[in-house]
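[1] quick one, fold the following:
(3 chains)
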Amino acid sequence: MSKRNTTTRSGRAPDERVVVTGIGVTAPNGVGTEAYWAATLDGKSGLARITHFDPERYPTRVAGVVQEFDAAEYVPSRLIVQTDHWTHLGLAATAMALDDAGVDPAELPEYEMAVVTASSSGGNEFGQREIEKLWSKGPQYVGVYQSIAWFYAATTGQVSIRYGMRGPCGVICAEQAGGLDVAAQARRLLRREARLVVTGGTDASRSPYALVAQITSGMLSTRDDPVRAYLPFDVDACGHVPGEGGAMLIAEGESAARDRGAVPYGVIAGYGASFDPRPEPGRPPRANLARAIRLALDDARVRPDQVDVVFADAVGVPERDLAEAAAIGEVFGPRAVPVTAPKTMTGRLYGGGAALDLATALLAIRDGVIPPTVGVTSPAPGCDLDLVLGAARETPVRTALVLARGYGGFNSALVVTAP
Amino acid sequence: MTMFTLDDVRRILRRCAGAPEGDALDGDIADVPFAELGYDSLALLEMAAHVQQEYGIRIPDDAIEEMPTPRAAVEYLNRRFAGEPSR
Amino acid sequence: MITGLGVTAPGGIGTAAFWDLISSGRTATRRISLFDPTGFRSRIAAEIDFDPAACGLSPQEIRRMDRAAQLGVVSAREALADSGLTLEDVPPERRGVSIGSAVGCTSGLEQEYVVVSDGGREWLVDPAYAVPHLYGYMVPSTLAVEVAWAAQAEGPVALVSTGCTAGLDAVGHGYRLVQEGVADVVIAGATDAPISPITVACFDAIKATSPNNDDPEHASRPFDRDRDGFVLGEGSAVMVLEEREAALRRGAEIYAEIVGFANRSNAYHMTGLKPDGREMAEAIRAALREARLNPEDVDYINAHGSGTRQNDRHETAAFKDALGEHAYKTPVSSIKSMVGHSLGAIGSIEVAASVLAIKHDVIPPTANLHTPDPECDLDYVPLTAREQPVDVVLSVGSGFGGFQTAMLLAQG
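    Below is the predicted model:
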């Protein structure tokens, strides 16, 4: 077979360290990694009353909307019309991440580059426009791009096409947990067959129909004051604020990254996932988050006392916050590790949320500073955590744990360490 | 009688399929294949659907095969407006 | 190892009915009955006569789950029962789930949209009419959640959504989880229920589906000269994957073994395919490498065979590129001729067909293939099934977004 092994290498080292060499961010409190990071360290929130439609009739009227984002700056006109806002945010974040990593995809073997993204609500705004045309005018009014803009694989497909990445691409949906699951999948691919993986995710559950759907989860905040709307772990916790955006990351095998002179942000060192059983009426819910944390620490060969910060899932629903605090306490002991939730400044970004937390953890490692949890002033009884409140905390960060829980029972935990 | 012109092609494409790199639509495009202008078959299907809605005429499924260039599209669509069969 | 199988596909509920249909060469395509298709370009589909209550779903489950979830759970329960797996064999934390779907709970999302938007009249849809489980419809991960609950799985759970290769990719992902020891058992498969107005309309717009409304039974014509698009389908297939030694230890019946899996992307176009099939060929080669098999070892190719002009040509070229001369000697067939194209689900349904071909030593045919396309010049097993030893099957898929996937299955 003369065609064998010409472009694809196989049998990589199963223990090869996988590093992140590029980050791109589109977040409600900042577009671009440094703008986001500066805002986040300053405690500057991106939560505000919804303006892209009149939210008056909805119980939830505050969201984290990406401001000052001009898709045309990052995405060609031809591509803008055939993709949803969610994909615009993803294409923009990818462009930034590749630029940050200093890598030119055209110079790498096509089958060794892959794109693996998380999505949770697909192209819902594009989709609502098209479904409205269908039901109000008729089937022939549905445009051709509905077939490629709405589905959950749209961002992965468009990124793959844009950069000629022909390797093992993928899409994983696990609501908020998906952003960590795809980072683990990137690591798997880099250890098996890939040289570079674009991973992460964005989401933009921003259409009125998407908002109404989210409201039915019973987990959205209905408070109108953006400063008081999303207060995880607080006595005043009342659900979370929805947001849009996310982060894209460039992951590479460490030796390949070093060979080309890249400076890694950190290592994807460990991952663990578990799932909660179905809640049954009359019985206390059983949560498996602590098991996911232990699996991730074991995988990273890290002891709990070596972890410098935990980025919490922080859903803002009192009993779920308590369950998370209990899981952290179970593994680390009471108030034994700093815990933070910078998503209080962006809202929950679903498919983009955990990817943004992962990017934030890497930036914390780079700069030796833990970003704050804003808004929270009075931790609820039982949330016995060392929450980083009010202002950023300067401290060396060598190991960070990122937690994410997806609607329905997903638990994912990921450990990143200094390079 | 309705006359479909190159400017109509430009206008509809810009609206439904976006502008190509460097906005090549503004130039002398009559005989430049759509593919070279950056418009794929989906863009042409979308253009046909918009023409269908705006002008209230029916355009058959395989029409885009007869519209490789803007000039061919203008000629084809004007034949449709005149009520002639597609071939 | 595949030790349990559950299939809910057009033509009959359950694995036995599915095999009966596809091995007999009958087709399950017909005029759409799930909604009134008047005014649509393509008014045909392969539908399941599905009564969720008769399939064992409780009233609460029927209310909570949209059709895709219902189909997935019914298949998962069949697969688990078929495998004989107990909680003593494998406890919840060692059970994983990997479910594929292209369009998630679109059917449920669309039905509820019509209510809250007052038939498409309101952009600012009315929250007062939203059902409590609407958020579960918006996030496709619900499909994996429901299967995980049905399977009492508390290990890694994933919903894979790579368009029309999601079914193959989800089984492939499950295979990796077992291979790496992340889980002892993975309940893997896929489900989709896309026969709803918005999905039919979006394929109408790009003329991808067959407009052969006058003759639905013969409308899905993969590799035929007169093919004119795919026929939409629905369904699910779920299987139990476990490590060989563990399966043998508990005395499980082994259907087949997954021996190779690879996926590639064409990075060319979201819907278009180059005629050369280059990236699919690369995926096939990578899967063969992992399986340590040669092209000559492949006994049967279960094709994507969607029946669009471009796909069947693309795929034929890929088989020739990857298998060389052996492509001409290898039977190839497309069950989409009989059960339609159920988007993200079909990949796992095709894995089930491949597994059953190995089990029965029978190759299901390509129905409706009367006049071969000169550009498709392989042995497509027209019209009637063929009895012959089948030890190794190559199953492939191709999807919007440019995804190309290949999986190799072998006698266990």
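[2] and what about the residue of chain C most remote from its centre, helix, strand or coil?
    Ranking residues of chain C by C-alpha distance from their mean position (Cα atoms, centre = their mean) puts residue C:128 at the top, at 36.6 Å. Going by DSSP: H, G, I helix; E, B strand; the rest coil, the secondary structure assigned to residue C:128 is helix.
[3] and it, how far is that from chain A?
    9 Å (Cβ to the nearest Cβ, to the nearest Å). Quick note: C-beta positions are derived from backbone N, CA and C, even for glycine.
[4] same check, this time on residue B:31
    Distance, residue B:31 to chain A, using Cβ to the nearest Cβ: 21 Å.
[5] same question, residue C:235
    When Cβ to the nearest Cβ is the yardstick, residue C:235 and chain A sit 18 Å from each other.
[6] ok, the residue in the stretch 301-412 of chain C that chain A sits nearest to - contacts?
    Taking Cβ to the nearest Cβ, chain A has its nearest neighbour within the stretch 301-412 of chain C at residue C:401, 2.9 Å off. Each residue near residue C:401 by Cβ atoms under 8 Å, 6 or more residues apart in numbering or on different chains is listed here: A:148, A:151, A:153, A:154, A:156, A:157, A:160, A:169, C:162, C:163, C:265, C:270.
[7] could the residues you listed go into JSON lines alongside pLDDT, secondary structure and distance to residue B:25?
    As requested, those are exported to JSON lines (pLDDT from 0 to 100; DSSP: H, G, I helix; E, B strand; the rest coil; distance: Cβ to Cβ, whole Å):
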{"residue": "A:148", "pLDDT": "97", "secondary structure": "helix", "distance to residue B:25": "22"}
{"residue": "A:151", "pLDDT": "97", "secondary structure": "coil", "distance to residue B:25": "29"}
{"residue": "A:153", "pLDDT": "98", "secondary structure": "coil", "distance to residue B:25": "30"}
{"residue": "A:154", "pLDDT": "98", "secondary structure": "helix", "distance to residue B:25": "25"}
{"residue": "A:156", "pLDDT": "98", "secondary structure": "helix", "distance to residue B:25": "30"}
{"residue": "A:157", "pLDDT": "98", "secondary structure": "helix", "distance to residue B:25": "26"}
{"residue": "A:160", "pLDDT": "98", "secondary structure": "helix", "distance to residue B:25": "27"}
{"residue": "A:169", "pLDDT": "98", "secondary structure": "coil", "distance to residue B:25": "32"}
{"residue": "C:162", "pLDDT": "98", "secondary structure": "coil", "distance to residue B:25": "34"}
{"residue": "C:163", "pLDDT": "97", "secondary structure": "helix", "distance to residue B:25": "31"}
{"residue": "C:265", "pLDDT": "98", "secondary structure": "strand", "distance to residue B:25": "30"}
{"residue": "C:270", "pLDDT": "95", "secondary structure": "coil", "distance to residue B:25": "22"}
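[8] could those go into JSON lines alongside distance to chain B?
    As requested, the contacts of residue C:401 are exported to JSON lines (distance: Cβ to the nearest Cβ, whole Å):
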{"residue": "A:148", "distance to chain B": "8"}
{"residue": "A:151", "distance to chain B": "15"}
{"residue": "A:153", "distance to chain B": "16"}
{"residue": "A:154", "distance to chain B": "14"}
{"residue": "A:156", "distance to chain B": "18"}
{"residue": "A:157", "distance to chain B": "13"}
{"residue": "A:160", "distance to chain B": "16"}
{"residue": "A:169", "distance to chain B": "20"}
{"residue": "C:162", "distance to chain B": "20"}
{"residue": "C:163", "distance to chain B": "15"}
{"residue": "C:265", "distance to chain B": "17"}
{"residue": "C:270", "distance to chain B": "8"}
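[9] show me which residues of chain B are close to chain C?
    Listed as neighbours of chain C in chain B under the rule Cβ under 8 Å from any Cβ of the partner chain: B:40, B:41, B:42, B:45, B:46, B:49, B:61.
[10] looking at the chain, which helix is longest?
    Answering for chain A, as no chain was given. helix A:85-101 (DSSP state H).
[11] sorry, should have said chain B
    Within chain B, and with DSSP H defining each element, the longest helix by residue count is helix B:41-55.
[12] got the contact list for residue C:288?
    C:260, C:294, C:295, C:322, C:408.
[13] skipping adjacent residues, who's closest to the residue of chain B found nearest chain C in space?
    Across chain B, no residue is closer to chain C than residue B:61, which sits at 5.3 Å (Cβ to the nearest Cβ). Ranked by Cβ to Cβ, 6 or more residues apart in numbering or on different chains and with sequence neighbours excluded, the top spatial neighbour of residue B:61 is residue C:207, at 5.3 Å.
[14] can you pull out the helices in chain B?
    According to DSSP H, chain B carries its helices in the segments B:6-17, B:34-37, B:41-55, B:70-81.
[15] what would those look like in CSV with mean neighbour count and mean pLDDT?
    As requested, the helices of chain B are arranged in CSV below (neighbours: other Cβ atoms under 10 Å in any protein chain shown; pLDDT from 0 to 100):
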stretch, mean neighbour count, mean pLDDT
helix B:6-17, 18, 93
helix B:34-37, 17, 92
helix B:41-55, 19, 93
helix B:70-81, 19, 92
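[16] flag every residue of chain A that's near chain B.
    For chain A, the residues in contact with chain B under the definition Cβ under 8 Å from any Cβ are A:76-82, A:140-141, A:143-145, A:148.
[17] and with 10 Å instead?
    Applying Cβ under 10 Å from any Cβ of the partner chain, one finds that chain A approaches chain B through A:72, A:75-82, A:137-138, A:140-145, A:147-148.
[18] out of those residues, which are buried?
    Buried residues within these, counting neighbours by 16 or more other Cβ atoms under 10 Å in any protein chain shown: A:75-82, A:140-145, A:147-148.
[19] could you report the neighbour count for the nearest residue to residue A:196 once chain neighbours are set aside?
    Of all residues not flanking residue A:196 in the chain, residue A:113 sits nearest, at 4.8 Å (Cβ to Cβ, 6+ apart). When counting by other Cβ atoms under 10 Å in any protein chain shown, one arrives at 26 neighbours for residue A:113.
[20] can you name the residues that contact residue A:113?
    Residues counted as contacts of residue A:113 (Cβ atoms under 10 Å, 6 or more residues apart in numbering or on different chains) are A:103, A:105, A:160, A:163-169, A:189, A:194-198, A:250, C:265, C:267.
[21] quick one: it from residue C:121, how far?
    46 Å (Cβ to Cβ, to the nearest Å).
[22] return the backbone torsion pair for the nearest residue in space to residue C:294 that is not next to it in sequence.
    With sequence-adjacent residues excluded and distances taken as Cβ to Cβ, 6+ apart, residue C:294 is closest to residue C:288, at 7.1 Å. Listed backbone geometry of residue C:288 is phi -60, psi -40, with angles given as degrees, to the nearest 10.
[23] ok and the following helix or strand past the longest helix of chain A relative to helix A:85-101, angle-wise?
    Downstream of helix A:85-101, the next assigned helix or strand under DSSP states H and E is strand A:113-118. Here the directions of strand A:113-118 and helix A:85-101 differ by 130 degrees (axes from the mean of the first three to the mean of the last three Cα atoms, to 10 degrees).
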